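In: Quick one, structure for this:
(chains A and B)
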There are 2 protein chains.
Amino acid sequence: MCNKWLLLYATAAGIQLVAGYAPVDVKLDEKARQLHKIDSLNILAYTVLLTLTVLTIWLFKRRRARYLHETGLAIFYGLIVGAIIKYVGDSQAEYTLLRVQPISDSRNNKSMASNIPPDSVSVPLVIADKSQNRTSNHTYLYVFRGELVNYAQGAGSQYISQKATFDPEIFFNIILPPIILNAGYSLKRRFFFRNLGAIMTYAFIGTTISCFVVALVVYALMVMLPSYNFNFTDCLYFGAIISATDPVTVLAIFNDLHVDVTLYALVFGESILNDAVAIVLAGSVDKFESQYHLGVLASTGKAITNFLYIFSASFLLGSSVGCFTAIITKFTRLCDFPLLESCLFVLMSYSAFLVSEVLELSGIVAVLFCGICQAHYTYNNLSDESRARTKQLFELLNFMAENFIFTYLGVSMFTYPAHKWVFGFILVAFIAIVAGRALNVYPLSFILNLGRHNKIPLNYQHVLFFSGLRGAMAYALAIRNTLSEPRRIMLTTTSVISIVTVIVFGGSTSSLLSLLGIPVGVEENEHEMLPFSEMKRTGSITTPTDLRSPTSPPSQQQSRSPYEKAWLVRKWYNFDVRYMKPLLTHSKPTLIDTLPDCCLPIARILTSTQQLTNENGFSKRKAEDDESDDDFVLQNESQLGSVSSYNGVGSRHSFERPVMGAEDRGLAALSRVGVNRDKCDYLDDECLNDSRSNHISVSRKF
Amino acid sequence: MCNKWLLLYATAAGIQLVAGYAPVDVKLDEKARQLHKIDSLNILAYTVLLTLTVLTIWLFKRRRARYLHETGLAIFYGLIVGAIIKYVGDSQAEYTLLRVQPISDSRNNKSMASNIPPDSVSVPLVIADKSQNRTSNHTYLYVFRGELVNYAQGAGSQYISQKATFDPEIFFNIILPPIILNAGYSLKRRFFFRNLGAIMTYAFIGTTISCFVVALVVYALMVMLPSYNFNFTDCLYFGAIISATDPVTVLAIFNDLHVDVTLYALVFGESILNDAVAIVLAGSVDKFESQYHLGVLASTGKAITNFLYIFSASFLLGSSVGCFTAIITKFTRLCDFPLLESCLFVLMSYSAFLVSEVLELSGIVAVLFCGICQAHYTYNNLSDESRARTKQLFELLNFMAENFIFTYLGVSMFTYPAHKWVFGFILVAFIAIVAGRALNVYPLSFILNLGRHNKIPLNYQHVLFFSGLRGAMAYALAIRNTLSEPRRIMLTTTSVISIVTVIVFGGSTSSLLSLLGIPVGVEENEHEMLPFSEMKRTGSITTPTDLRSPTSPPSQQQSRSPYEKAWLVRKWYNFDVRYMKPLLTHSKPTLIDTLPDCCLPIARILTSTQQLTNENGFSKRKAEDDESDDDFVLQNESQLGSVSSYNGVGSRHSFERPVMGAEDRGLAALSRVGVNRDKCDYLDDECLNDSRSNHISVSRKF
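Out: Below is the predicted model:
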């Protein structure tokens, strides 16, 4: 300790030697500390809110209370804290605002020409250093934050804008990607693909209908209230953002209640795709507006082309990144280092989102399909540790991100400075979304039912109608740009709609389900298993198809979709099993088996040693194979005349099928044989019953 | 599709009805999209860099190349990309800058009085809407970003400041906490606590020495170069931030090479505590400067008091949050919902950091000790899933955060606008840190060796000297405030020092180890096991102590530290086993056993049913108990005359000890018995050998 004291003394002496002593630096440090303190306080507020939410959720789960879901809870806590911050919060931290004006000679600045405020301003300031009685000139950079909307009300409002608010970019770049990625990664692909037709109809056509209905209703109001400077594209934009429904709240309750899987698939599929559709739609509306000078038809055509281009390009990009990750994990044996592997997985998935955003495509669409590809291909190549780690990581991130966004929604109702309340608009918007949702669900269900043998019953349609809650995505879209008055009105309206629908509709979902007599407590596997035994018993499998579905429900889904679609999906399935899976995973058959002989050298290169050599590797991976390798699930036989194996990733209960599991596996193997044999167009019941032994011979053969 | 077309047509018709068409909104959307694109591109750049780093690390690991570590690699890639961005990067994105000046009547603004630039400026602008041939007045808010340092060089430099740079706050609030938390959570507590005396000496006294030596050397230069406006407190501040050594690079190599555990503990312990000391020291220097008016001695006294206050208060806060989490997880049976449990764990740990920062304490110190408490108490209450999840999550976050910060360090060398190169200063700083490190390690080792029987050999001292790399923490401290010229010089110097030390020193660590003849390839458990057998063989266990160490190395660490310390640590250990663990975990003995009879009602409340009822619970948790319940490791017997059990969290190899493991467990149980019996002050060799059966009887008894 002695030399410490000596040194301290030397310091003290040293300071006395200093001629120029500058406390400005210290003051700036102090200022930086103040700002840091406010930042920390902001984050702390949300951390505490999330902690509270977690603890309350636990209480609710323990007491099996379903009248208020965790997202509703998060909003609720957020509202309380927001109110406290607004009305009680201290204003101790000094927030200084200097009024400046453009220097006259820079008026013909580039940014002025483009009619928008400049990105930044430079302010020359004279900083006085009192301790030295001298002044120095500095030029400081200030960056754009937003419009001072409540400027007339005094400085207090601006201060609030610093409190408990984050850059909206954070939602898009940080909060949404894990939520959507998790949705894709944990997608119950079997149920999703089985109802793909209906889901696509609701998501694409339905969301567009909803968008236009909302726009028209709102526009009708705006013609009456011209003071708010709303034009039809604004209304369309509002229609697009408010049409993004939220899967979180309803599905969580569905999960708890084990609701019927078809209904689950419809609601989940619609809401997840619908987010993607809505976001692309909003972008297209913007584009449409800017190309309005081309004329109505041309710009409408451009908007539609733009929509299709963005959706398909994002889809391709996301899938490619997923496949690329699969290739890397297949050929590098990165699985020896699970940490690196998980890291790569996370980074690649995130970069699908980012690349897409940089290319002005839709990151949400890209990351959704990237997640599906990761689950379908990459997951099979991962080490066990990485599988668990990525699953758990995304689950955790998803949970935190979701609850954060809902908490923020609550808090920002009070603290976000750009809110603009027009109660008439909110009321009309409510009517508009109800009308839009109704015109989405009921007519489309009617049309779908014309083509479906397994009709979507009316009570299912009611639930679909009812489950159109608005949530995270609508809010994230609305808060993105709040610079003009119409956009501010949209933000407030979207916030209110989200809060009301999540709390009221979300809270009454379970009552509604029992009111409508929706089957709950359905065990997935039970439901899954019924059809096959049913089929065998009734001998209903007589349709001459390529391969059979072991899982087609008996009464439902006996419809047949147009042959082209069935043919397309079946072709894709064959392509997937023969080329994609052998290329991207360690699964059998290898490309050497499936590619024509002329391509043998390439096939050799693209086949991993692990894939080739074993038996060993096969048996090592067999357990997983049985679950997740055959998990690409198509439209079922009755709907598409194609085979359907099962998705082990999505359905945890698959372990619990003692007898049927074996048959199921057998069928999975059978489908592989079918693919291998090429000629196996028809399999009779005997063959199905014999599938178990068939399976064994198949694995021997490999 | 029909009604879609109809609606589209209606839209088109609708738009023609619109009287007031406002493209300003669309332009603002376009602007927001541009900014979003730049943001995405920035993040993408780092994502790609991290991906590259991951893949290259994998290659290196596969080829067992140790000449360039992953952190060095991350910096290297960062430098390349930074150079590309600076010299090749396109300037397509329009970045508009408007020159403004303060409105004359607001010159006597509050912020001017306090000599620092205001937080924000309000700019009245006239926005022209050409389509309507009208203009509107808006007032926009611009927030402080920094000084325009290269203003004279034209607008290009400002543009760069938007590219690939983040708010330094991100490092402190987002990147550092997981790194430090992971350090605490995965701390090999046994080795850490065994060398606690030496570690504390190096960290507290050593860092202070280093800080002052660096300050003095640099100040000597600055007296010669008075042009840079450096005063002694600036030098002291620089000394403080540059004294934060980086544990990452060296320790990763130590881990790979399985270097001797004592050396590992010394280097790890010193570097992790030293970060905390340096950050508090830097804060104290700032405080010192601002209180200079009180006089030298008073302000020095205040600075020391401040240092001690911040350190101890942060320590208490962090530990309390850790213990509070333990209590919640103990009494709520949150472990039935692993997701909620993991979430709570993450949120509570993070809030330790945030609360500490809000209270102007040191978040780093708090989160470090919070992590240690979480590992010591909370971990035992967690469900198996949460244990795995939290471990893996923090490991992953730590890896990504570390590599991100090093990548950023590389990139920012080119893109960060505030760099100020003074080559003389960099050169002198290098000399200063070498001198500071030498005067830290060698004299303190000499003094420590006076009191240690197991001397720290000279080659260990060389490695300690050599391992004083500068890295993430020094950089994060330096980039925090770059508003004044001295701070900018510090940032550049710290960056250069970090890059050079990490690449050069980090790269040559393995060569150095072999050059100095440091034992590598030491298996932890082997090393751990040797002493006990050695002890038994030589019969060296004769010191009359409370309880014995089964793990004290034979030749090393035969020193005895002052009795007071041994007494204190032993007391703490007893207190921990008797009161803390029963209170915070489900471990036995319960508080009912350990608290005096008068406190029985309270003890009943604080004892969980799980703790009380079973047998069952005990045997269920036995395996974990054996690993992690007895993992608080004290100074070993030879050093402190106390018992040392082993840390299952830190040492993975503990599973691999077939024979000794049993004895070890026996001893752990024995220690419990010892605590229970109260009178068991002395245990002879026979008792040690008999410990296995003893253990069984103990668990029966509970």
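In: Which secondary structure element is home to residue A:125?
Out: Residue A:125 belongs to strand A:120-129 when assigned by DSSP states H and E.
In: Relative to whichever helix or strand comes after that strand, what are the paired strands and their orientations?
Out: Moving toward the C-terminus from strand A:120-129, the next helix or strand (DSSP H and E) is strand A:134-147. The pairing partners recorded for strand A:134-147 under DSSP bridges are strand A:120-129 (antiparallel), strand B:134-147 (antiparallel).
In: taking the mean pLDDT, what do you get for strand A:134-147?
Out: Mean per-residue pLDDT for strand A:134-147: 72.
In: CA atoms only: put that strand into CSV for me.
Out: Provided in CSV are the C-alpha atoms of strand A:134-147 (Å, rounded to 0.1, in the frame of the first residue of the first chain):
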residue,chain,number,x,y,z
ARG,A,134,-10.9,31.8,-22.6
THR,A,135,-13.3,30.6,-25.2
SER,A,136,-12.9,28.1,-28.0
ASN,A,137,-14.8,27.6,-31.2
HIS,A,138,-16.3,24.2,-31.9
THR,A,139,-18.6,22.9,-34.6
TYR,A,140,-20.9,20.2,-33.4
LEU,A,141,-23.0,17.7,-35.3
TYR,A,142,-26.6,17.1,-34.6
VAL,A,143,-28.6,14.4,-36.2
PHE,A,144,-32.3,14.3,-37.2
ARG,A,145,-34.6,12.9,-34.6
GLY,A,146,-38.1,13.9,-35.6
GLU,A,147,-40.6,16.7,-35.7
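In: still on that earlier bit, which one of the strands paired with strand A:134-147 is the most hemmed in?
Out: With neighbours taken as mean count of other Cβ atoms under 10 Å in any protein chain shown, the strands paired with strand A:134-147 reach their highest mean count in strand A:120-129, at a mean of 20. Backbone N, C-alpha and C define where each C-beta goes, glycine included.
In: ok, back up a step: same question for the strand holding residue A:125, mean pLDDT?
Out: For strand A:120-129, mean pLDDT is 73.
In: for the stretch 201-350 of chain A, which spans come out with low pLDDT?
Out: A:226, A:288-294 (pLDDT under 70).
In: just chain A next, same as before
Out: Checking chain A against pLDDT under 70 turns up A:1-29, A:65-67, A:89-96, A:104-116, A:128-135, A:146-164, A:226, A:288-294, A:522-569, A:613-702.
In: can you list the domains in it?
Out: A:25-89+A:119-162, A:169-516, A:524-701 (automatic domain parsing).
In: Tell me which of those sits most buried.
Out: domain A:169-516 (a mean of 22).
In: how far does it stretch from start to finish?
Out: Domain A:169-516 has an end-to-end distance of 41 Å (Cα to Cα, to the nearest Å).
In: ok, so what distance separates residue A:428 from residue B:142?
Out: 36 Å (Cβ to Cβ, to the nearest Å).
In: I should have written residue A:520 there, sorry.
Out: Taken as Cβ to Cβ, the span from residue A:520 to residue B:142 is 55 Å.
In: hang on, the earlier thing: any chance of JSON lines for the strands paired with strand A:134-147, columns distance to residue A:485?
Out: Listed next are the strands paired with strand A:134-147 as JSON lines, based on distance: least, Cβ to Cβ, whole Å:
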{"stretch": "strand A:120-129", "distance to residue A:485": "23"}
{"stretch": "strand B:134-147", "distance to residue A:485": "10"}
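In: Who are the packing partners of the lengthiest helix in chain A?
Out: Ordering each helix of chain A by length in residues (DSSP state H) puts helix A:23-63 first. Applying 3 or more Cβ pairs under 8 Å, 6 or more residues apart in numbering or on different chains; DSSP states H and E, we find helix A:23-63 packed against helix A:70-87, strand A:120-129, helix A:384-415, helix B:169-170, helix B:261-290, helix B:338-358.
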